[in-house]
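Participant: predicted model and sequence below, questions to follow.
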Number of protein chains: 2
Amino acid sequence: MTPFFKKLFPIIFKYIEENIQQDTPVVHFETHDVLKSQLNLAIGEEGVSVDELLMFIENQYLKYSVRTGHRQFFNQLFGGFSSVGFLGDVVTSLTNTSMYTYEVAPVAALLEKEVLNKMLSLVGFKHGDGTFVTGGSNANYMALLCARNKTDPTIKKRGFANSALVLFVSDQAHYSFERAADLLGIGSNNLVKIKTDNNGQMMVDELNKEIVRHLEQGKKPFFVAATAGTTVLGAFDPIDEIAQLAKQYDMWFHIDGAFGASVLLSRQHKYLLDGSELADSLTWDAHKMMGATLMCSAFLIKEPNFLKQTCAVGGTEYLYHDEDECYDLGQISLQCGRRVDVLKLWLLWKHYGDRGYEACIDHVFELAKYANQQVAEHPNLELMTPTQSLNICFRYRPNSQTDINTFNLALREQLRRSGKTLVNYAIIKGNVVIRLVIVNFELSKTDIDTFFANVLSVAKTLS
Amino acid sequence: MTPFFKKLFPIIFKYIEENIQQDTPVVHFETHDVLKSQLNLAIGEEGVSVDELLMFIENQYLKYSVRTGHRQFFNQLFGGFSSVGFLGDVVTSLTNTSMYTYEVAPVAALLEKEVLNKMLSLVGFKHGDGTFVTGGSNANYMALLCARNKTDPTIKKRGFANSALVLFVSDQAHYSFERAADLLGIGSNNLVKIKTDNNGQMMVDELNKEIVRHLEQGKKPFFVAATAGTTVLGAFDPIDEIAQLAKQYDMWFHIDGAFGASVLLSRQHKYLLDGSELADSLTWDAHKMMGATLMCSAFLIKEPNFLKQTCAVGGTEYLYHDEDECYDLGQISLQCGRRVDVLKLWLLWKHYGDRGYEACIDHVFELAKYANQQVAEHPNLELMTPTQSLNICFRYRPNSQTDINTFNLALREQLRRSGKTLVNYAIIKGNVVIRLVIVNFELSKTDIDTFFANVLSVAKTLS
């Protein structure tokens, strides 16, 4: 082995080991001004040695980066570290290629088709199609694009003229729908946010009312998205009922399962997506509940060939030759160059098997239930909404007279700065809530206990 | 070290060593039917061991993947293998995070700003802004989006109504412009392709004519893109002259430097982008001429704050809190979750230094000149267009009566299947041309000699 690799491998190994050691902080917090002054960021005229780079990695990059693989990282909808996923990423980088053609990505193209077919079958799109995309936002964007082109196939070439299109999502839906409406020329004003109930689920009677109201105004309702696993509350919209309205009013029906589609892997929890086969398309992020590294997102569509039609563009002959057409996956993608995101997912899935993934999903649901119970049983902790999947939204009720929002903001910031636990917050109906998300398969009840112990001990210092 | 890493590291190391061994094929070619039957693609109910995965990687994935780091890989606008870039990718995966907030990506956010500022300064955007994007196509898309919103700020929310917008690119420009016009609701019919001369450069008098013609038709010309390094010919459009017309007609001026912007690193070759500071925005792929692994693309814009305005959307409070605003880079991105693409580039740049990168760029230009000369000097090789940067477009003239296009298609396919050399082809004005692209910094004249020896020996067997 070259000296470079001899030095690199122990650094990697040490970092992974530290992730599970009790006294390792999840983040070595510094404000950006301080951090900037401590890092040697500037790139010079002359280069530096590989040894210096390795020192930067070890003493600066790894030191100050947030440990998303740490057992007290709960800050986003992803977390944990898997050697198998890491293997996929390393080999992807080693063989550095682009997904556009079978010619340069023969094995990866076959793997992508294999994984997509498995996802399609779980969703219930028997003859469907799909592609890996750049993220959940991008998958939602593609759904809206397909719906737009389905509704008016002339827009692709002619552009918009006096469009009356309106689309519907819940007020808990991801912001990517609003952005997509803007980008696609539909206009974000033409996105209608439907009220949700106390659980954060779309109220279907409200949806019906809004559709009727917009029809009366001469508008054309053409798209509705159900969210399967909302960002803050982890709520699942009622798919069957929304599907029925979509059918009745001839609208494209999309499911944003960026976070939640992975429950399809669990016989116990897949009921949350019952009716998925009624959708026209679906967003699925494997870098969230399936533990793959970022990015690993898929867009699935029921109608065969429509994706190809939607992505079709002239002037690609230099890249796409005829022979390998069905595996020249660039032809059903909005990207030209595209990283191989599938290998890590295929390896993980192959390693776990369907049953192993199921056990992982069931395990994190079990942990979420356990965390929910800890909140319910503690006199100072208040559950802000019933736990529906992996998100536990709660706050601390101080005994003192402090404003409760100010207190909880300070609590979570203090947790962050201490490096003990990283957990995010959101605002629900004017209330600051701490959003605990449990997606890391490696966690146990002890880690949840540690989390609450950290919360309570910091709260005590603030009271 | 765990047994897993003990087994993985030698596999990586062997693969890298094989890349530079003479008898290693650049691809072990199989048609997709055959390859599919040889791989154990299916994912079972039960999982498989990590050892089995490692065997799959070694004996199947690495065996059948195209070796883009091989010295006879000339097929795309990227190629080569760098340990430093690999280091960046490995650490990115190890610390798996998302670029959206300083909170979870503190060091990466600082690195991204550092690198973008360096790029902005090379381009000449003194107070500009920028973001890493999902690829060159996506960067071009963002340019068109910014221009659209600049021209009519109401479109973002209201959508289109009777748009008269038209945009101009050369007939050698990348297909992503046509796609972006479709996606953004402008309509791909409203993209006008300007004729190019024999070098593949946009003819500015033609551009002028087309602008005037469309104005007379009541259209609104609002966007023109110069290509700096076309995909097939490696041609650079006349930036100064196009900038002048853009100014005269009040149009957004974009430079698609996906391939060619990297020449800004070379004092000898940066004249090809003279006038870049006159542009409003620029696309720059560091995974092409800067040797980073895919993806590594930047979108740069001259006007400060416009990117933020363009990407602005409601409902992001759960993610973006106030304190770290200027380093919450998700706010100037169209993505929500986003991989850290900058670390590898920063490491490469830091390692080479400005002067080292310059030497690399100058070296590949030198090699391209050498390859050009080999074509010019051989009686059976015909240069199809003067070499302007790193693309040498040529064909073989057989002595036999075979159709010359059929012959060259067979020649390049035979090269591919032999595993000796992977080089792509394109069609220029009805002629099949072999497109040799030299972007791998590690190559020497010997590798170019080997390339032509392979071409000539396969041509001989076909004659």
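Facilitator: Nice, I can see it.
Participant: pLDDT on stretch A:153-168, on average?
Facilitator: Mean per-residue pLDDT for stretch A:153-168: 79.
Participant: would you mark the buried spots in it?
Facilitator: For stretch A:153-168, burial by neighbour count (16 or more other Cβ atoms under 10 Å in any protein chain shown) applies to A:155-156, A:158-160, A:163, A:165-168. (Each C-beta comes from the backbone N, C-alpha and C, glycine too.)
Participant: farthest pair in those residues?
Facilitator: Of all pairs drawn from the buried residues of stretch A:153-168, the greatest distance, 25.3 Å, lies between A:158 and A:168 (Cβ to Cβ).
Participant: on that earlier part again, so which of the buried residues of stretch A:153-168 are also by chain B?
Facilitator: With Cβ under 8 Å from any Cβ of the partner chain as the criterion, the buried residues of stretch A:153-168 include A:155-156, A:158-160, A:163, A:165 near chain B.
Participant: among those residues, which ones are in helices?
Facilitator: With helices defined by DSSP state H, the entries of these inside them are A:155-156, A:158.
Participant: and the residues you listed, which is closest to residue A:293?
Facilitator: Nearest to residue A:293, judged by Cβ to Cβ, of those is residue A:156 at 34.3 Å.
Participant: by residue count, tell me the biggest helix in chain A.
Facilitator: helix A:342-377.
Participant: tell me what that one is packed against?
Facilitator: Other helices and strands packing on helix A:342-377, by 3 or more Cβ pairs under 8 Å, 6 or more residues apart in numbering or on different chains; DSSP states H and E, are helix A:83-94, helix A:106-123, strand A:381-383, strand A:391-396, helix A:445-462, helix B:50-56.
Participant: residues contacting the closest residue to chain B within chain A?
Facilitator: Across chain A, the shortest distance to chain B (Cβ to the nearest Cβ) belongs to residue A:185, at 1.6 Å. By Cβ atoms under 8 Å, 6 or more residues apart in numbering or on different chains, the contact list for residue A:185 reads A:155, A:159-160, A:163, B:155, B:159-160, B:184-186.
Participant: let me have the helices and strands packed on helix A:342-377 in a markdown table, extended by mean pLDDT, mean neighbour count and distance to residue B:303.
Facilitator: Below are those laid out as a markdown table (pLDDT from 0 to 100; neighbours: other Cβ atoms under 10 Å in any protein chain shown; distance: least, Cβ to Cβ, whole Å):
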| stretch | mean pLDDT | mean neighbour count | distance to residue B:303 |
| --- | --- | --- | --- |
| helix A:83-94 | 93 | 23 | 35 |
| helix A:106-123 | 91 | 22 | 38 |
| strand A:381-383 | 97 | 17 | 46 |
| strand A:391-396 | 97 | 26 | 39 |
| helix A:445-462 | 96 | 16 | 43 |
| helix B:50-56 | 94 | 17 | 49 |
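Participant: including distance to residue A:328, could these go into TSV?
Facilitator: Formatted as TSV, the helices and strands packed on helix A:342-377 follow (distance: least, Cβ to Cβ, whole Å):
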stretch	distance to residue A:328
helix A:83-94	19
helix A:106-123	8
strand A:381-383	51
strand A:391-396	40
helix A:445-462	45
helix B:50-56	24
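Participant: residue ranges of each domain in chain A, please.
Facilitator: Split into domains by automatic domain parsing, chain A comes to A:3-68, A:91-348.
Participant: which of the ones you listed has the highest mean neighbour count?
Facilitator: Highest mean neighbour count among the domains of chain A (mean count of other Cβ atoms under 10 Å in any protein chain shown): domain A:91-348, with a mean of 22.
Participant: over to that one now: how far is its first residue from its last?
Facilitator: Length of domain A:91-348, first residue to last, Cα to Cα, to the nearest Å: 13 Å.
Participant: stretch A:431-446 too?
Facilitator: Chord length of stretch A:431-446, first to last residue, is 29 Å (Cα to Cα).
Participant: what of stretch A:431-447?
Facilitator: Termini of stretch A:431-447 sit 26 Å apart (Cα to Cα).
Participant: just the buried positions in it, please.
Facilitator: The neighbour-count check on stretch A:431-447 (16+ other Cβ under 10 Å) flags A:432-443, A:447 as buried.
Participant: strands of the stretch 1-150 of chain A, residue ranges please.
Facilitator: A:73-74, A:129-133 (DSSP state E, counting those that start in this stretch).
Participant: turn those into a markdown table, including mean pLDDT.
Facilitator: Converted to a markdown table, the strands of the stretch 1-150 of chain A look like this (pLDDT from 0 to 100):
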| stretch | mean pLDDT |
| --- | --- |
| strand A:73-74 | 90 |
| strand A:129-133 | 87 |
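Participant: and these as a markdown table, adding distance to residue A:229?
Facilitator: As requested, those are exported to a markdown table (distance: least, Cβ to Cβ, whole Å):
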| stretch | distance to residue A:229 |
| --- | --- |
| strand A:73-74 | 16 |
| strand A:129-133 | 17 |
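Participant: let's have these in JSON lines, adding distance to chain B.
Facilitator: Output for the strands of the stretch 1-150 of chain A, formatted as JSON lines (distance: least, Cβ to the nearest Cβ, whole Å):
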{"stretch": "strand A:73-74", "distance to chain B": "9"}
{"stretch": "strand A:129-133", "distance to chain B": "9"}
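Participant: so what's the closest residue to residue A:24 other than its chain neighbours scoring on pLDDT?
Facilitator: Once flanking residues are discounted, residue A:24 sits nearest to residue A:18: 4.6 Å by Cβ to Cβ, 6 or more residues apart in numbering or on different chains. Listed pLDDT for residue A:18 reads 95.
Participant: and the one 4 residues further on, by the same measure?
Facilitator: Residue A:22 carries a pLDDT score of 82 in this model.
Participant: can you check residue A:324 too?
Facilitator: 66.
Participant: ok, back up a step: mind checking the SS state of the residue lying closest to the residue of chain A closest to chain B once chain neighbours are set aside?
Facilitator: With Cβ to Cβ, 6+ apart as the criterion, residue A:185 has its nearest non-adjacent residue at 1.6 Å, and that residue is residue B:185. Assigned with DSSP: H, G, I helix; E, B strand; the rest coil, residue B:185 falls in the coil class.
Participant: and if you look at residue A:433?
Facilitator: At residue A:433 the chain is in strand, as set by three-state DSSP.
Participant: isn't residue A:129 right up against residue A:309?
Facilitator: No - at 10.4 Å, residue A:129 does not count as touching residue A:309 under the criterion of Cβ atoms under 8 Å.
Participant: what is the lowest-mean-pLDDT helix or strand in chain A packed up against?
Facilitator: One helix or strand of chain A scores below all others by mean pLDDT, DSSP states H and E: helix A:155-158, with a mean of 75. Applying 3+ Cβ pairs under 8 Å, 6+ apart, we find helix A:155-158 packed against helix A:136-151.
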